Each structure stands twice: as C-alpha cells, then as structure tokens.
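>>> only geometry, no sequence info:
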C-alpha cells in the first residue's frame, strides 16, 4: 500500500510539472504572437483603399492568405461567405462571388485565388514593408 501511495505522489508531481510547463509555453507563445506586425501599416493601407477580401472559414487558400498577413490580417476588411454548413451566404451570392478568396479593389475589379502581398501592393498602391527592416 505504501508503494502505491508513493507512486501516486510521483504521478501527481509529474502532472503538475507538465501543467506548469504548458502554462509557460502558452504564455511565451502568446507573447511572441501578440504585438504589432511588420504588415500592420500595409494591411491598414489596403483596407483604407476600400479593398475587401471575401472568403470562407474552411477554405485552405483563404487560410494561406490570412497566414501571409499574419496578425495584421485582423486589419483587412474581410467578409465571411460561408455558414456552418459550408454553403455560401446570400450576401455573397448576391454580390456574385464565385470562389474563395476573392479580392475586390476600389476600382471594382476582382481577383480570385491567393494573391501574393507583392501583387496586393501593386494593385492597391500600398507600400509593402521590407522584412528585417
């Protein structure tokens, strides 16, 4: 019985160490992803030009597009075109959205599919920051 009790203490101790490690990992991970992105000004400029991105939560190309901006994507005017059952919303149907992502620019032109940040910069006139600067 004493051996079983001792094993339980080791198990609880190990669980506590793992829990503390996970808390520290989560705190460090959120600290490194919070704060300004080098693309914040660029993303705000894209939005200020009236550019919109239409997409779907389940769309891999949309997720790639969001990842290209990193945390600065929060500054992009984004319209979600899919509901929980993965069908297109009436708003996006009415706007004639045919695929995801679809970028709509201030001149009413559209571009479908993933766009590089360089292509978005060229289309909007927004200056793309140089990495490492």
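That came through fine. This is a predicted model, so every value here is computed, not measured. Numbers count the residues shown, from 1 in each chain.
>>> for the residue nearest the centre of the chain, which non-adjacent residue is spatially closest?
What sits nearest the mean C-alpha location of the chain, by Cα atoms, centre = their mean, is residue 66, with 4.1 Å. Once flanking residues are discounted, residue 66 sits nearest to residue 73: 4.6 Å by Cβ to Cβ, 6 or more residues apart in numbering. All C-beta spots, glycine's among them, are computed from the backbone N, C-alpha and C.
>>> what about that neighbour, distance to residue 92?
19 Å (Cβ to Cβ, to the nearest Å).
>>> residue 107 too?
Distance from residue 107 to residue 92, by Cβ to Cβ: 20 Å.
>>> quick one, which of these two is more surrounded?
For residue 107 versus residue 92, neighbours defined as other Cβ atoms under 10 Å are more numerous around residue 92 (19 against 9).
>>> nearest residue to the more buried one other than its sequence neighbours?
Per Cβ to Cβ, 6+ apart, closest to residue 92 is residue 81, 3.6 Å.
>>> same question, residue 115
Using Cβ to Cβ, 6+ apart, the closest residue to residue 115 is residue 103 (5.8 Å).
>>> give me the element that neighbour is part of.
Following DSSP states H and E, one finds residue 103 within strand 102-104.
>>> in the sheet, which strands lie alongside that strand, parallel or antiparallel?
With DSSP bridges as the test, strand 102-104 is paired with strand 52-55 (antiparallel), strand 110-112 (antiparallel).
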